[in-house]
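1. Give me a 3D structure for the following:
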Amino acid sequence: MAQLTRPVEIRPVCDYVPMSDQRTALVLGGGGITGIAWEIGVLAGLAEAGTDLSGADLVVGTSAGSVVGAQVACGVGLEEMYERQLAPATGETVARLNRATLAQFGWAMLRSRGRDVDFRRRIGALALAAEKAGLTPSEQERLDVIGARLGGKEWPERDLRITAVDAETGEFTPFDKNSGVPLLHAVAASCAVPGVYPPVTIDGRRYVDGGMRSAANADLAQGYDRLVVLAPIPRGFGPMASVDAQVSGMVSRVAVVSPDSDSRTAIGRNVLDPAARAPSARAGRAQAATVATRIADVWNG
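-> From the prediction side, this is the model:
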């Protein structure tokens with residue numbers, strides 16, 4: 001059965017807002033290459049079932065979700081996005097979070113003692129050290145990869161927020177069209193998994209994955225009336241907030257969708273493996289059919 005981690009919540013009649021005045025938000029969380037594919041599959045499947053989330057007033061993208069969110073907000077068609085995920089993964093490099101890096105994550109969590117900014121600062125230091133040691137691709141290589149995914153897109157007029165973390169200070173930084181930061185660099189920073197990919201340079205600062213604060217950063221949609229969160233990784237790690245904790249009591253109607261058992265099988269053990277991209281997209285599309293009615297109730301009801 002599909003995982004919708006929160007029920008539909010309806011405000012009392014006295015708080016009723018006409019549908020035409022209600023604002024919608026789509027939050028797309030992190031989850032690697034397979035997370036990109038799964039989210040696109042879910043979005044395409046929901047649109048096919050009659051609920052197109054791509055017209056959301058606000059789009060929030062974190063890590064994998066930043067790639068999807070940028071394309072959605074820039075008007076790339078969902079079917080076009082979906083077909084790209086089915087293309088053979090020939091020539092693409094397989095990356096992974098190895099045990100040594102995961103152990104460093106755990107050590108940073110223990111030393112931070114629940115202090116979220118301190119945790120992010122330590123993770124940022126890990127990312128900078130891995131780059132210095134030559135354990136990651138070059139920054140330009142990553143920019144080229146992300147640029148190919150985005151296709152040279154500029155910031156859309158629509159409200160799109162891309163999340164990142166300052167590697168030196170641990171400060172959480174959402175970028176938008178008014179930030180003065182190129183969309184390519186914002187997305188590359190949001191996708192800079194510490195220890196796997198290099199931090200990205202923006203205005204002389206180095207930035208890493210926005211998922212180091214939260215897998216989805218759903219609280220950026222605070223104040224919106226209808227919210228759907230696609231969360232390949234719904235749980236928190238250490239001081240990183242879970243999706244449920246961030247959306248609890250936040251909006252009038254909210255639905256969180258994370259991978260069901262079939263999708264988890266398709267995604268596999270390594271979310272950075274391009275070979276799992278097509279199966280993840282297909283599984284996401286199949287899962288969309290099982291949650292379509294409930295998502296429609298939140299988005300259109």
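
2. any idea which element Arg96 lies in?
-> Following DSSP states H and E, there is no helix or strand that holds Arg96.

3. now do the one 10 residues further on
-> Element membership of Gly106, judged by DSSP H and E, is helix 99-112.

4. What residues of the next helix or strand after that helix count as buried?
-> Later in the chain than helix 99-112, the nearest helix or strand by DSSP H and E is helix 116-132. Counting neighbours by 16 or more other CB atoms under 10 Å, one finds that the buried residues in helix 116-132 are 116-128, 130-131. All C-beta atoms are positioned from the backbone trio N, CA, C, and that covers glycine.

5. related to what we said a few turns ago, who touches the helix holding Gly106?
-> If you take CB atoms under 8 Å, 6 or more residues apart in numbering as the criterion, helix 99-112 is touched by Asp118, Phe119, Arg122, Ile123, Leu126, Ala130, Pro194, Gly195, Val196, Phe237, Gly238, Pro239.

6. Closest one to Val68 out of these, please.
-> Sorting the contacts of helix 99-112 by how near they are to Val68, with CB to CB, puts Val196 at the top with 19.0 Å.

7. Counting neighbours, what do you get for Thr93?
-> Residues near Thr93, counting by other CB atoms under 10 Å, number 10.

8. Next one: it from Tyr197, what distance?
-> Here Thr93 is placed at a distance of 11 Å from Tyr197 (CB to CB, to the nearest Å).

9. mind listing the strands in the stretch 1-150 of the chain by residue range?
-> Counting by DSSP state E, counting those that start in this stretch, residue ranges of the strands within the stretch 1-150 of the chain are 3-4, 24-28, 58-61.

10. just flag whichever of the ones you listed has the lowest average confidence.
-> In terms of mean pLDDT, the lowest-scoring of the strands of the stretch 1-150 of the chain is strand 3-4 (a mean of 36).

11. and which of the contacts of helix 99-112 is nearest to Arg142?
-> Distance to Arg142, by CB to CB, is smallest for Val196 among these, at 10.0 Å.

12. max-length strand in this structure?
-> strand 159-166 (DSSP state E).

13. could you give the mean pLDDT of that strand?
-> On average, the pLDDT along strand 159-166 is 98.

14. Can you read off the pLDDT for Phe172?
-> 96.

15. Against Thr51, how distant is it?
-> Phe172 sits 31 Å away from Thr51, taking CB to CB as the criterion.

16. quick one, which of those two is more surrounded?
-> Thr51 (21 against 18).

17. In this structure the more buried one contacts Trp299, no?
-> Yes: the pair formed by Thr51 and Trp299 meets the contact definition of CB atoms under 8 Å, at 5.4 Å.

18. Can you tell me what sits against stretch 122-132?
-> The contact list for stretch 122-132 (CB under 8 Å, 6+ apart) reads 101, 104-105, 108, 111-112, 136, 139, 165-170, 192, 194-196, 198-199, 206, 208, 212.

19. try stretch 284-293
-> Residues outside stretch 284-293 that contact it (CB under 8 Å, 6+ apart) are 1-2, 4, 37-46, 48-51, 82, 255, 257, 259-260, 262-263.

20. Once you drop chain neighbours, what's closest to Phe172?
-> Leaving aside its sequence neighbours, Phe172 sits nearest to Arg213 (CB to CB, 6 or more residues apart in numbering; 4.7 Å).

21. residues touching Ser263, list them.
-> If you count contacts by CB under 8 Å, 6+ apart, Ser263 has them with Trp38, Ser280, Ala283, Gly284, Gln287.

22. do the same with Gly41
-> The contact partners of Gly41, by CB under 8 Å, 6+ apart, come to Tyr82, Gln85, Ser280, Ala281, Arg282, Ala283, Gly284, Arg285, Ala286, Gln287, Ala288.
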